[in-house]
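> Structure here, sequence nowhere to be found:
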């Protein structure tokens, strides 16, 4: 498998995807066509145009799968796919409805399709969407996602701020709640961070690190460049079926 999983597609002071242009260039490795999945936002055409504008300087032609009579056929014809961010519940429901959970998952696992995700698109690479930050604005058939990696990711991870007067739960507390009911590692990737997976190798990249949360253990800190391939050998254990 060949995965580029971004915590975010926009970073302060940079244009859309501009902060990861080098990583995208390496990931595409000469491929000049990219299928884009815009289902996490309502405006599919506008979203696709934004991605096309961002990748045009790299010599990449972007086609939104929503324009195809058969989105699955569009995936079958593409060397790489980018699943964009937005609302994870809306995204997963549409992937299920269009049959793209199976179409994307099978081709990525076979090595025939390179997968890039950002935010909600990164959530889709996990076994489920249970560690998304999004509101359930719509209801998918199940929480089961693509399952390209055997652990969960929390994009846009924000560290607890000891000086904050906000009394709501921190991201760390939310993830701890998840681990009370699910024995599955959660990698919280900060803004500007990413995970690169190639075959059985996984390495953090970008400019920000990540925290790894596991049941009954203190969080572990990782920095860009760290090898986290050990996460690929686990078996997720959800206490309730996805």
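Received, thanks. Owing to the predicted nature of the structure, the values given are computational and were not obtained by experimental measurement.
> Can you tell me how far residue 192 is from residue 8?
7 Å (CB to CB, to the nearest Å). The way it works is simple: take the backbone N, C-alpha and C, and place the C-beta from them, glycine included.
> And the two? Which one has more around it.
residue 8 (22 against 19; other CB atoms under 10 Å).
> dump the residue contacts of the more buried one.
Counting by CB atoms under 8 Å, 6 or more residues apart in numbering, residue 8 touches 85, 118, 119, 155, 156, 191, 192.
> Quick check: closest non-adjacent residue to it.
residue 191 (5.2 Å; CB to CB, 6 or more residues apart in numbering).
> Pull up the per-residue confidence for residue 238.
At residue 238, the model reports a pLDDT of 80.
> Give me the distance between it and residue 178.
From residue 238 over to residue 178 (counting by CB to CB), the distance is 10 Å.
> between those two, what contacts are shared?
130, 184.
> lowest average confidence, helix or strand, in the chain?
The helix or strand of the chain with the poorest confidence is strand 237-238; it has a mean of 79 (mean pLDDT, DSSP states H and E).
> Quick test: name the residue nearest the centre of the chain.
Nearest to the mean C-alpha position of the chain, by CA atoms, centre = their mean, lies residue 122 at 0.4 Å.
> which stretches of the chain form strands?
2-6, 33-37, 61-64, 80-83, 114-118, 152-157, 182-183, 186-190, 193-198, 201-206, 210-213, 220-222, 237-238 (DSSP state E).
> can I get those strands in JSON lines with distance to residue 135 and mean neighbour count?
Below are these laid out as JSON lines (distance: least, CB to CB, whole Å; neighbours: other CB atoms under 10 Å):
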{"stretch": "strand 2-6", "distance to residue 135": "21", "mean neighbour count": "24"}
{"stretch": "strand 33-37", "distance to residue 135": "20", "mean neighbour count": "23"}
{"stretch": "strand 61-64", "distance to residue 135": "24", "mean neighbour count": "17"}
{"stretch": "strand 80-83", "distance to residue 135": "19", "mean neighbour count": "25"}
{"stretch": "strand 114-118", "distance to residue 135": "18", "mean neighbour count": "26"}
{"stretch": "strand 152-157", "distance to residue 135": "14", "mean neighbour count": "25"}
{"stretch": "strand 182-183", "distance to residue 135": "20", "mean neighbour count": "18"}
{"stretch": "strand 186-190", "distance to residue 135": "19", "mean neighbour count": "25"}
{"stretch": "strand 193-198", "distance to residue 135": "23", "mean neighbour count": "22"}
{"stretch": "strand 201-206", "distance to residue 135": "26", "mean neighbour count": "19"}
{"stretch": "strand 210-213", "distance to residue 135": "22", "mean neighbour count": "22"}
{"stretch": "strand 220-222", "distance to residue 135": "29", "mean neighbour count": "14"}
{"stretch": "strand 237-238", "distance to residue 135": "21", "mean neighbour count": "13"}
